[in-house]
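Chemist: dropping the sequence and predicted coords here.
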Amino acid sequence: MKRLALLGSTGSIGTQTLDVVSRHPDKITITAISAGKNLDVLLPQAERFSPELIVVADEETAQKFKKAAPSFQGRLKWGEQALTEAATHPQVTHVVVALVGSLGLVPTLRALELGRVVALANKETLVAGGHLVHEVLNKNGGTLIPIDSEHSAIFQCLKGESMSEVKTIWLTASGGPFRGYTKEKLKKVTKEQVLHHPIWKMGNKITVDSASLMNKGLEVIEAKWLFGVSPEQIRVVVHPQGIIHSMVEFVDGSVIAQLGLPDMKTPIQVALSFPERWDSPSPRLNLAQVGTLTFEEPDLETFPLLRYAFEVASEGGSLPTVLNAANEEAVRLFLDEDLPFCEIPDLIHAAMKSHQKKTFPSLPEVLEADRWARQFVKEAGSREKSTTTKP
Ligand SMILES: NC(=O)c1ccc[n+]([C@@H]2O[C@H](COP(=O)([O-])OP(=O)(O)OC[C@H]3O[C@@H](n4cnc5c(N)ncnc54)[C@H](OP(=O)(O)O)[C@@H]3O)[C@@H](O)[C@H]2O)c1
């Protein structure tokens, strides 16, 4: 029996993970779950799965939970430290990290240090501290399995293959809601348009990242660490139908792709069932019904964040941490309607340029670079707000 700690149970990946778990009660059980503040979703989960440990974001949410669920028998904790407690719970064999943002880094490191299997949806963890995760994996031999659909595809294409025979990793991208737009047209997009992804229904932060192509940029850095390839070996191709989830090209010219309907339950289950395969949790692919698959180059001029991510992937050090944290804050400003969508890239670029790079940052240095970049963007954002609100 696999015993799971699920970090981020109330989010898009978290709820779909519980859906997968519900289909396999003979194979997986829930030991710990963590949420932020969404009690509407958390309370029924607590009732249904009776976890031994529940973690929420803060004390206020914990008090509200206690009041609403007086008969809950397990332990209740709050705060960032408690996320690590859930990830390192002594009974847990598998940890799903479905948190959003670099908040996932420390719990992931600690779970891997204990040799747990970590199924990682939280790409920001590998962008912020991929070198630290890599180091822990080398030292402790824990197992890291990607949930992100592109990386799950590559993970599956590489099964039984030798990395020395891989020429290129091809990440597919839907292109987001603004595929084909010009920079001028991007100036007028609304929050509602940004939050309307043509294919995937996801949390707000990743939906904004998909519209700016930052999501693909983060995935480039994620692929670098997951598969130990150089940024030069990673290519992005826009594939609007979202049927081919990614591909691997080998030295002999063969290309192996993984296909399926766009449904995150499949990669979630692949990560949980590994090394087995279980019955499909999703509708099956019928290529004759899909009809046409198309491909095009990404537009790096209109969507410069993808270009910055490639640059940062090559430069390394603390720069990826800064790119990620600056993006998290810029997206927050955008969602709070304090920053236009088209200004997100400039703000991130300014943070990258102002940062004093550390070449081999330790965990405290990564956390400091993360804090610095958030502060940089917050201050720049409030300067922007005060200029735009002047009469
Ligand atoms: N959604 C997808 O289809 C998809 C696909 C591929 C990869 N991913 C990646 O998976 C991760 C999760 O994405 P998502 O779309 O599932 O995000 P989401 O829907 O926004 O869910 C985020 C989860 O994190 C929790 N959380 C947020 N802030 C927290 C805090 N301060 N303390 C504790 N918990 C906190 C949220 O709790 P509350 O809601 O209770 O506050 C929620 O459970 C991201 O890294 C994303 O890039 C997602």
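Modeler: Received, thanks.

Chemist: so what's residue 7 closest to, chain neighbours aside?
Modeler: Nearest residue to residue 7, sequence neighbours excluded (Cβ to Cβ, 6 or more residues apart in numbering): residue 34, at 4.7 Å. All C-beta atoms are positioned from the backbone trio N, CA, C, and that covers glycine.

Chemist: mind pulling up the pLDDT for the one you found?
Modeler: At residue 34, the model reports a pLDDT of 98.

Chemist: then the one 10 residues further on?
Modeler: Among the per-residue scores, residue 44 holds a pLDDT of 98.

Chemist: from residue 315, how far off is the residue of the stretch 151-300 of the chain found nearest the ligand?
Modeler: As assessed by Cβ to the nearest ligand atom, the ligand sits closest to residue 203 within the stretch 151-300 of the chain, at 2.6 Å. Look at residue 203 and residue 315: by Cβ to Cβ, to the nearest Å, they are 28 Å apart.

Chemist: please apply the same query to residue 20.
Modeler: Residue 20 is 38 Å from residue 315, by Cβ to Cβ.

Chemist: cool, residue 296 as well?
Modeler: 28 Å.

Chemist: about what we covered before: so residue 20 and residue 315 - more neighbours on which side?
Modeler: More neighbours surround residue 20 than the other of residue 20 and residue 315, with 22 against 15 (other Cβ atoms under 10 Å).

Chemist: of all the residues in the stretch 201-350 of the chain, which ones are close to the ligand?
Modeler: Residues of the stretch 201-350 of the chain lying near the ligand by Cβ under 6 Å from any ligand atom: 202, 203, 205, 206, 264.

Chemist: for the stretch 51-200 of the chain, same thing?
Modeler: Residues of the stretch 51-200 of the chain found near the ligand (Cβ under 6 Å from any ligand atom) are 57, 98, 99, 100, 103, 121, 122, 123, 124, 148, 200.

Chemist: which residues touch the third one?
Modeler: Taking Cβ atoms under 8 Å, 6 or more residues apart in numbering, we find residue 99 in contact with 7, 8, 11, 34, 83, 107, 122.

Chemist: farthest pair in these?
Modeler: Across the contacts of residue 99, the longest distance by Cβ to Cβ is 14.9 Å; it joins 11 and 107.

Chemist: skipping adjacent residues, who's closest to the residue in the stretch 51-200 of the chain positioned nearest to the ligand in space?
Modeler: Minimum separation of the stretch 51-200 of the chain from the ligand (Cβ to the nearest ligand atom) falls at residue 121, amounting to 3.4 Å. Leaving aside its sequence neighbours, residue 121 sits nearest to residue 147 (Cβ to Cβ, 6+ apart; 4.0 Å).

Chemist: and residue 255, its phi and psi?
Modeler: Main-chain torsions, residue 255, degrees, to the nearest 10: phi -120, psi 120.

Chemist: for it, list each beta-bridge partner.
Modeler: Beta-bridge pairing of residue 255 under DSSP bridges involves residue 249.

Chemist: the closest residue to residue 232 other than its chain neighbours: what secondary structure?
Modeler: Spatial nearest neighbour of residue 232, excluding adjacent residues (Cβ to Cβ, 6+ apart): residue 314 at 7.9 Å. Three-state assignment for residue 314 (DSSP: H, G, I helix; E, B strand; the rest coil): helix.

Chemist: offset the numbering so it begins at 36, please.
Modeler: With 36 as the first residue, the last one maps to residue 349.

Chemist: residue 349 and the ligand: what is the separation?
Modeler: Distance, residue 349 to the ligand, using Cβ to the nearest ligand atom, to the nearest Å: 22 Å.
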